[in-house]
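In: sequence and computational prediction follow.
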Amino acid sequence: MEAKEVSSEGTKKSGSEKDGNIFFRYFAITLCLCVVAILILASAFNIGIKEKRGWLKVAEGLKRPNFLVSPARGNIYSDDDRLMATSSPQYYMYMDFKSESFARDSFLHSKNNNVDSLAYYLSRKLKNRTAAGYKAHLMKGFNAKKNPYPVYEGRVSYADLKEIKTFPFLRYNRNRSGFYTKEMTSRQKPFGMLASRTIGDIYNEIDTLGVTHAKNGLELQYDSLLRGIPGLSSMQRVGGRWTNIVEMDPTDGMDIRSTIDINIQDLVEKSLTGKLKELDADAGIAVVMEVKTGEIKAITNMERVSPGRYAETMNHAVADEIEPGSTFKVAAMMVALEDGVVEPKTPVDVGTGVYMYANRRMTDHNLHRGGYGMISAEKSIWYSSNIGVAKIVLKGYERNPEKFVEGLHRVGMDADLNVEIPGAGKPKLRRPGSRYWSRTSLPWMSFGYEVQIPPIQTLTFFNAIANDGKMVRPMFVKDILKNGRTVKHFEPKVVISGICSDRTLKIIQDMLYNVVNYKDPSPERRDGIGAPARSDVITIAGKTGTAQIASGGMYRTAGHNVSFCGYFPYEKPLYTCIVAISRPRAGLPSGGSMCGTVVKDIAEKIYASCTVFDINKVSDDSLKVVYPTIKNGDYLALKNVTKELKIKTNAINRIKSQYVVANENDKEIVLKEIPLADNLVPNVMGMGAKDAVFALENCGLRVSLSGQGKVISQSVKNGVRVVPGQTVILTLK
C-alpha cells in the first residue's frame, strides 16, 4: 500500500512539472512574437513616416512619367448597321539626325544597315521615290543634322509601320536610329462621299488630353460621346526591365446609329449629280425624309469644284438661309385659307402677267404669253402665279400685315427645329416695324422673297402637310450604342401637333396634287406647273420654286435658285423630298423641269426598290417559256429531273438505250431513244458537253470541245467504225 501511494504522488509531481515546462515554452514563444511584431511596427512606422520622402524618391526613380492612352473613337452606322465612319491610327515618320547617340558610322558604312539598303526598302514599300531619290532625301537631312526630318511626307498605317521598323537601320533602337513617329487618327468612310458632309469630319491630331476632336456634322454634334475618355499608363522598372503598365484603362467612345439609308442615299446622290452635270449648275441639294418619323433617309450636298466635277464641301441643305421662291406660296395660301380670306374657287384676276404695286413691278412667269387672266385661287398655286397669291394676301392683310406674319409662325414656317447638325440655319421672317420692313414686303413675302428659309425647314413644312398636319423634327440619329447595345433610343419629336385645320389641310393637299397631276382639258393646255414631276408608276404631289438670287441689291444678274418639294405616294405618303439647284447655266430656270424630274426619278427608284410582288398573283407573261430547254442525253438523269420539276414526259416505244432525244410540245416532253451499237461512233448531236464527252470516251475516243451549250456538230459522223484514240471535235452552241 505504501509503495502504491508513493508511486501516485510521484506521478502527480511529474505531470505538474511537465505542465509548467509547456507553459514556459508558450510564454517564451509568445514573448518572442510580440517582440518581432513590435520591431515590425517600429520599422513600418520608420519607413512610412520618417523615411517616407526618401523611399518615394527611390520609387520615382523606378517609374517614368504617366502617358495618356488614347481611346478608340466611336463609329457611325447607317440605319441598317452598315459602317459609315470609323477610325484607324495613322503615323508620320521622322528621323532625328541631330541626336548625339545617332549611329552615324552604321548609317554610312554598315554592310547590311546602311543608307543604301534603307533607301532600297523604302522605295520598294512607299513607291513615291526611287532608291536613289530616297538616298538623296535621307542624306540631305543627315548632312544638315535636322530634327525632325520627315522620312515620308504622307502617313502610314500601323501594319505598314510595323513592317517599316524591320527595315535596315530602322531596326535599331530609337536612340541609335533616331527614328520616331507621330500618331494621328484617320477617319475612314467606307462609302466615300455618301452623306459625307452630314456625317462630318474630325481633326486628325490627337490633342494634349489624348483625344481627337470633330470639325462638323454629326461628328461634332456627338463629339463628347464619340471621342471617349483617355487612360493612363507609365513605364516602370520591373525585374531589371522597363515595362509599360496601364494604370487606368481608356474608355472607348460610344457609337451612333444614324437614320441614313445607304441604298436611298446612293440613288439620291446619283440622280442629283447627274442633273447638276447636265445643267452645269453651281450647286445642288437633295433630302429625303420619312413622313411619319421625320428620319432623314438621304441627304446630299453637291457643289462644283471643277468643270463637270462635284463634291460635298458644305451642308447647304441645313445651313443655307435662302429666299425659297414659290414653294413659300403654299404657306401663304394656308394662312389665307385658315383666316377665311379666300376659298379655293375664289376668282383672282392676274391680268396679263404684270402688276404694279407701290411703284414696283411684279410679274408672272408666263407674261410673255399674255398672262393667265381670270383664274381661281387654287389655280394660282397650280400655275404658281406670283400676282395671284400676292393679291390674295394683300386683300386679307394689307391693313394688318402683322396678322399674316403671325399666321406664318402658326403654320411653322419659323419653328425651332433644333436640327442636330451644328451650324444649322435659322428661318427669318420680316415683321412690320422692323428696319427691313417696307410697303412691298407683304406681297413679295407671299411668293417667297424677303424671307430666308433653310431648305430643311421647307422640307419639314411639306412633310407636315403629308403627315396629316403633324410637324415632326428632322432626325439624323436613331440610337446611341455601347459595345453593340443601345443605351439611348431617340423617338420622333412633334414640333407642332397641327399646323392647320383638317379642312385647310385637305385643300392644300389637293392643290399640291394638281400642281403635278392637273391636266387642262381646254385648248390652252394649262397643266399644273409641276407636270415634269408627274410619274406613271407613283403619284407625286408637291410645289415648284424659282427665285432670283440677289446680289448687291439686284435680282437680275446673279442667277436663280430652282427647287421642288413634294411627297409620295400621294395616297399614303411615305417620303417627302426636296431638291434645290443653284445657278443652272443650261436651259431656262424651272423648278419643275430641273428639280421636279429629279424628285420623280428618286421617287420611282425608291418605289422600285421597295415594291414586293406576290408571284402567285402575277398574271402569266404571254412570252413565258412553258418548259425549260431540254438537251438530249442520259435517260435516267433526264427522267429524274422531269420528275422533280413535275414535267410530263412521253416515251415513244420502250426506252432501252442509255441516251434519248428530247423534243417538247405545249403539253409534254417527248422522248425517243438513241440507238447505240458496239464499235460504232454514237450520235451525240443535241447533247450537253458532259453526256457527249462521256458517250464518246466510253467508246475509246478522245474529245475536243469548242463553245458552250449543246452539240451542234461532231467531226466524226455517227455510225462509222470507232478508231481507238481518234479525236472527235465537238462544236457547242
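Out: Done, it's in.
In: any idea how far D261 is from the residue nearest to the spatial centre of the chain?
Out: In the chain, the centroid-proximal residue (Cα atoms, centre = their mean) is M84; its distance is 4.5 Å. To D261, M84 is 11 Å away according to Cβ to Cβ, to the nearest Å. Heads up, the C-betas are built off the backbone N, CA and C, glycines and all.
In: same question, Y635
Out: 53 Å.
In: and if you look at D207?
Out: In terms of Cβ to Cβ, D207 sits 34 Å off from D261.
In: same thing with D468?
Out: Taking Cβ to Cβ, one finds D468 at 23 Å from D261.
In: the more surrounded of those two?
Out: The neighbour count for D468 versus D261, taken as other Cβ atoms under 10 Å, is higher for D261 (23 against 15).
In: does that one really touch M289, like I thought?
Out: No - using Cβ atoms under 8 Å, D261 makes no contact with M289, being 11.3 Å away.
In: residues that sit against both of those two, list them.
Out: Residues touching both D261 and M289 (Cβ atoms under 8 Å, 6 or more residues apart in numbering) are K297.
In: counting by contacts, list what the longest strand along the chain packs against.
Out: Criterion DSSP state E: the longest strand present in the chain is strand 83-95. When contacts are defined as 3 or more Cβ pairs under 8 Å, 6 or more residues apart in numbering; DSSP states H and E, strand 83-95 packs onto strand 76-77, strand 149-157, helix 158-164, strand 179-188.
In: would you turn those into JSON lines with distance to Y26?
Out: JSON lines is the format used below for the helices and strands packed on strand 83-95 (distance: least, Cβ to Cβ, whole Å):
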{"stretch": "strand 76-77", "distance to Y26": "73"}
{"stretch": "strand 149-157", "distance to Y26": "71"}
{"stretch": "helix 158-164", "distance to Y26": "66"}
{"stretch": "strand 179-188", "distance to Y26": "66"}
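In: deepest-packed of these, please.
Out: strand 76-77 (a mean of 24; mean count of other Cβ atoms under 10 Å).
In: okay, now the closest residue to G528 other than its chain neighbours: neighbour count?
Out: Using Cβ to Cβ, 6 or more residues apart in numbering and skipping the chain neighbours, the partner closest in space to G528 is Y518 (4.0 Å). Counted with other Cβ under 10 Å, residues neighbouring Y518 total 20.
In: so Y518 makes contact with E378?
Out: No - with contact defined as Cβ under 8 Å, Y518 does not reach E378; the gap is 9.5 Å.
In: contacts only, for the residue nearest to the centre of the chain.
Out: By Cβ under 8 Å, 6+ apart, the neighbours of M84 are 75-78, 189-191, 194-195, 199, 258, 260, 262.
In: out of the residues you listed, which are buried?
Out: With burial judged by 16 or more other Cβ atoms under 10 Å, the buried subset of the contacts of M84 is N75, I76, Y77, S78, K189, F191, L194, A195, I199, S258, I260, I262.
In: nearest to P443, of these?
Out: A195 (38.9 Å; Cβ to Cβ).
In: contacting residues around T460?
Out: Taking Cβ under 8 Å, 6+ apart, one finds M289, G294, G412, A415, L417, M471, V472, R473, P474, V495 in contact with T460.
In: run the last query once more with 6 Å
Out: By Cβ atoms under 6 Å, 6 or more residues apart in numbering, the residues touching T460 are P474.
In: same list (the buried ones among the contacts of M84) but as TSV, adding pLDDT and distance to N683.
Out: Output for the buried ones among the contacts of M84, formatted as TSV (pLDDT from 0 to 100; distance: Cβ to Cβ, whole Å):
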residue	pLDDT	distance to N683
N75	93	65
I76	94	66
Y77	94	62
S78	94	59
K189	88	62
F191	88	57
L194	87	58
A195	90	63
I199	91	66
S258	96	65
I260	96	62
I262	94	55
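In: now these in a markdown table, please, with extra columns for distance to T300.
Out: Output for the buried ones among the contacts of M84, formatted as a markdown table (distance: Cβ to Cβ, whole Å):
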| residue | distance to T300 |
| --- | --- |
| N75 | 21 |
| I76 | 17 |
| Y77 | 18 |
| S78 | 14 |
| K189 | 14 |
| F191 | 12 |
| L194 | 8 |
| A195 | 7 |
| I199 | 12 |
| S258 | 14 |
| I260 | 10 |
| I262 | 12 |
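In: what ranges do the strands span in the stretch 201-350 of the chain?
Out: 202-203, 213-214, 231-238, 241-248, 255-258, 283-290, 296-306, 309-311, 347-349 (DSSP state E, counting those that start in this stretch).
In: just the buried residues of the longest one, please?
Out: Along strand 296-306, these residues count as buried under the neighbour rule (16+ other Cβ under 10 Å): I296, K297, A298, I299, T300, N301, M302, E303, R304.
In: beta-bridge partners for S713, please?
Out: Assessed by DSSP bridges, S713 has beta-bridge partners T731.
In: tell me the confidence at it?
Out: We have a pLDDT of 91 for S713.
In: where in the protein is pLDDT low?
Out: Scanning the chain for pLDDT under 70 picks out 1-20, 47-67, 234-246, 551-557, 611-627, 666.
In: one step back: can you name the two of the contacts of M84 that are farthest apart?
Out: Of all pairs in the contacts of M84, the most separated under Cβ to Cβ is N75 and L194 at 15.4 Å.
In: how about A651, phi and psi?
Out: Backbone geometry at A651, expressed as degrees, to the nearest 10, gives phi -90, psi 130.
In: quick one on the thing from earlier: let me have the strands of the stretch 201-350 of the chain in a markdown table, extended by distance to C34.
Out: Putting these into a markdown table (distance: least, Cβ to Cβ, whole Å) gives the following:
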| stretch | distance to C34 |
| --- | --- |
| strand 202-203 | 65 |
| strand 213-214 | 62 |
| strand 231-238 | 36 |
| strand 241-248 | 39 |
| strand 255-258 | 61 |
| strand 283-290 | 80 |
| strand 296-306 | 78 |
| strand 309-311 | 83 |
| strand 347-349 | 111 |
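In: pull the number of nearby residues for G433.
Out: With other Cβ under 10 Å as criterion, G433 counts 8.
In: let me fix that, I meant to ask about L701.
Out: Neighbour tally, L701, other Cβ under 10 Å: 19.
In: compute the distance between it and V661, please.
Out: 20 Å.
In: could you do R174 as well?
Out: Taking Cβ to Cβ, one finds R174 at 81 Å from V661.
In: same question, G700
Out: 24 Å.
In: repeat that for I538.
Out: I538 is 50 Å from V661, by Cβ to Cβ.
In: do I712 as well
Out: 14 Å.
In: so for these two, which residue has more residues nearby?
Out: Regarding I712 and V661, a neighbour count based on other Cβ under 10 Å identifies V661 as having more, with 19 against 12.
In: spit out the contact partners of the more buried one.
Out: Residues near V661 by Cβ under 6 Å, 6+ apart: N632, K672, I674.
In: repeat that for 7 Å
Out: Applying Cβ atoms under 7 Å, 6 or more residues apart in numbering to V661 gives the contacts N632, K672, I674, G686.
In: turn those residues into a markdown table, including secondary structure and neighbour count.
Out: What follows is those, written out as a markdown table (DSSP: H, G, I helix; E, B strand; the rest coil; neighbours: other Cβ atoms under 10 Å):
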| residue | secondary structure | neighbour count |
| --- | --- | --- |
| N632 | strand | 24 |
| K672 | strand | 16 |
| I674 | coil | 21 |
| G686 | coil | 19 |
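In: and the two most separated of those residues?
Out: K672 and G686 (11.2 Å).
In: do a quick rundown of the helices in the stretch 301-450 of the chain.
Out: Along the stretch 301-450 of the chain, counting by DSSP state H, counting those that start in this stretch, helices occupy 316-319, 329-338, 377-382, 386-397, 401-410, 441-446.
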